[in-house]
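J.: Coordinates for the following, if possible.
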Amino acid sequence: MGIIHEDAVLIKEAEKEGEHTVITVNCPDKTGLGCDLSRIILLFGLSIARGDVSTDGKWCYLVFWVIGKPTTRWSLLRKRLLEVCPTCIPSASGIFYFIPEFQQPKPPQIFLLTFWCSYDRKGLLHDVTEVLYELELTIKRVKVYTAPDGRVMDLFFITDTRELLQTSKRRDETIKRLKIVLGDAMLSCDIELATPEVASCLKPYLPSENIFNLPISDEQSSGVVSSDSVSIVFDNTLSPSHTLVQIFCRDHKGLIYDIMRTLKDYNIQVSYGRFFANSKGNCEMELFIMQSDGKKITDTQKRNVLSSRLRMELIHPLKVDVISKGPDTELLVVNPVELSGRGRPLVFYDITLALNILNISIFSVEIGRHIIGEREWEVYRILLDEWDCLSATRNEIKDCVRNKLMGWE
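T.: So this is what the prediction gives:
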């Protein structure tokens, strides 16, 4: 027995306000599938309230109860979830066989989106980011400059989830949507395929300064998780082949993704898992895991390394600070990159939304990737308008951005 690949993902939308939409995934298993699925759910701006995961190592069954939005494009979500599910084909006997993915996916093409505006306005960058998000164009890097005469130049390095941006129809659609939000301020707009030399600048590099020397506070505040509020317990006594990991922590947007991403990076398989967020804003999780060799984690050092990494991801999945850069004020946001090379979804979208709420304009932006401590990090450096910064303290800016990124609204 098996199921048709198109039926591998089923979505039952909530019938009443306040109810959860149920996403069911039933397909061949692969290490990191939970990470891939939860990342897409996060990309669509959804929160996972509850989940069940079960697999025998060959076939898996996952159920997510998510909190939807009126604007959620459920059919598109289902399509994107199906794309990361391993495929299978039926044989003459009616048995479905898993098709292994021997080839690595081809890296997406990098395009340059460049436009000039005759003047800047508050919220302009967020409006552009929202249009690109709705069009499924992924921002890889941004450079924004304000000229002395007030004109603004925006340069976006983007990829297209639909892989159609090389066509004139797709480019024209993108420029038309941007023209609607930018209005008469738009002076010019162009989209072109990046040359290999230009695309190579997206590769991570060692920074000239250690960004982690910046004073990113661990003090308890509205936007910081205390290390005492995170509990991670390993137990090898309940299963002959699995290690039980019990996690209790404060819930945040992308929590399941952060945990699954960490396990995927360590090549850890989740055989069974259950998690739910309670009404007090906390999340409880039980995961039965094993190593890639099919054995539980008995080595004390390996358990300590995994526990330390999980704790760091739960306390600081993103680092946020507001610092002085000479006479100017700079917002700094740092988040880890998966070993597969994918960054965290919607970070720049949430940053621009938070600054829009605070009514603070952006003077310039640089997004890059750095290798620090043998890990790759995505770094957002945003120079804020000096006059707008007078309307909010640095702690207020920091807390607002962090709360938006963490879903603590």
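
J.: what ranges do the helices span in the stretch 301-409 of the chain?
T.: 347-357, 394-406 (DSSP state H, counting those that start in this stretch).

J.: angle of the shortest one against helix 394-406?
T.: Relative orientation of helix 347-357 and helix 394-406, computed by axes from the mean of the first three to the mean of the last three C-alpha atoms, to 10 degrees: 130 degrees.

J.: Excluding chain neighbours, give the residue nearest to Val320 in space.
T.: Nearest residue to Val320, sequence neighbours excluded (C-beta to C-beta, 6 or more residues apart in numbering): Arg402, at 4.5 Å. For glycine as for every other residue, the C-beta is placed from the backbone atoms N, C-alpha and C.

J.: Make sure that neighbour is actually in contact with Asp321.
T.: No. Counting by C-beta atoms under 8 Å, Asp321 is not a contact partner of Arg402; they are 9.4 Å apart.

J.: of the two, who's got more company?
T.: Legend: neighbour count by other C-beta atoms under 10 Å for Arg402 and Asp321, higher for Arg402 (22 against 19).

J.: what touches both of Arg402 and Asp321?
T.: Residues touching both Arg402 and Asp321 (C-beta atoms under 8 Å, 6 or more residues apart in numbering): there are none.

J.: and stretch 398-409, which residues are buried?
T.: 398-408 (16 or more other C-beta atoms under 10 Å).

J.: And for it, what's in contact with it?
T.: 47, 221-224, 251-254, 317-318, 320-322, 331, 333, 347, 350-351, 353-355, 357-358, 392.

J.: Tell me where the model's unsure across the stretch 201-350 of the chain.
T.: 204-228 (pLDDT under 70).

J.: Would you map the strands across it?
T.: Remark: strands assigned in the stretch 201-350 of the chain by DSSP state E, counting those that start in this stretch are 231-235, 243-250, 269-277, 282-290, 319-325, 328-336.

J.: Also the stretch 51-200 of the chain?
T.: With strands called from DSSP E, counting those that start in this stretch, the stretch 51-200 of the chain shows them at 59-67, 88-90, 96-98, 111-117, 137-146, 152-160, 186-193.

J.: what residues does the longest one touch?
T.: The list of residues contacting strand 137-146 from outside it, by C-beta under 8 Å, 6+ apart, reads 108, 110, 113, 120, 125, 129, 132, 152-161, 165, 174, 201-202, 348, 362-368.

J.: try the fourth one
T.: With contacts defined as C-beta under 8 Å, 6+ apart, strand 111-117 is touched by 124, 132, 137, 151-160, 165, 174, 178, 182, 185-194, 198.

J.: Quick check, Ile315 in contact with Ile232.
T.: No. Using C-beta under 8 Å, Ile315 makes no contact with Ile232, being 10.8 Å away.

J.: picking that back up, buried subset of the contacts of stretch 398-409, written for PyMOL?
T.: Per 16+ other C-beta under 10 Å, the buried members of those correspond to this PyMOL selection:
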select buried, resi 47+223+224+251+252+253+254+317+318+320+321+322+331+333+347+350+351+353+354+355+358+392
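
J.: Can you lay out the helices of the stretch 301-409 of the chain as TSV showing distance to Glu83?
T.: Listed next are the helices of the stretch 301-409 of the chain as TSV, based on distance: least, C-beta to C-beta, whole Å:
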stretch	distance to Glu83
helix 347-357	21
helix 394-406	26
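
J.: Let me know which of those helices is the nearest to Ile67.
T.: helix 394-406 (15.1 Å; C-beta to C-beta).

J.: ok now stretch 36-49, how far from the chain's centre?
T.: Stretch 36-49 sits 8 Å away from the centroid of its parent chain (C-alpha atoms, centre = their mean, to the nearest Å).

J.: same thing with stretch 285-295?
T.: Taking mean C-alpha positions (C-alpha atoms, centre = their mean), stretch 285-295 and its chain are 24 Å apart.

J.: buried residues in that stretch?
T.: For stretch 285-295, by 16+ other C-beta under 10 Å, it's 285, 287-291.

J.: Is it correct that Arg162 is in contact with Glu136?
T.: Yes. At 5.7 Å, Arg162 and Glu136 qualify as touching, with contact defined as C-beta under 8 Å.

J.: In terms of packing, which of the two has more residues around it?
T.: Taking neighbours as other C-beta under 10 Å, Arg162 and Glu136 compare with Glu136 leading, 15 against 10.
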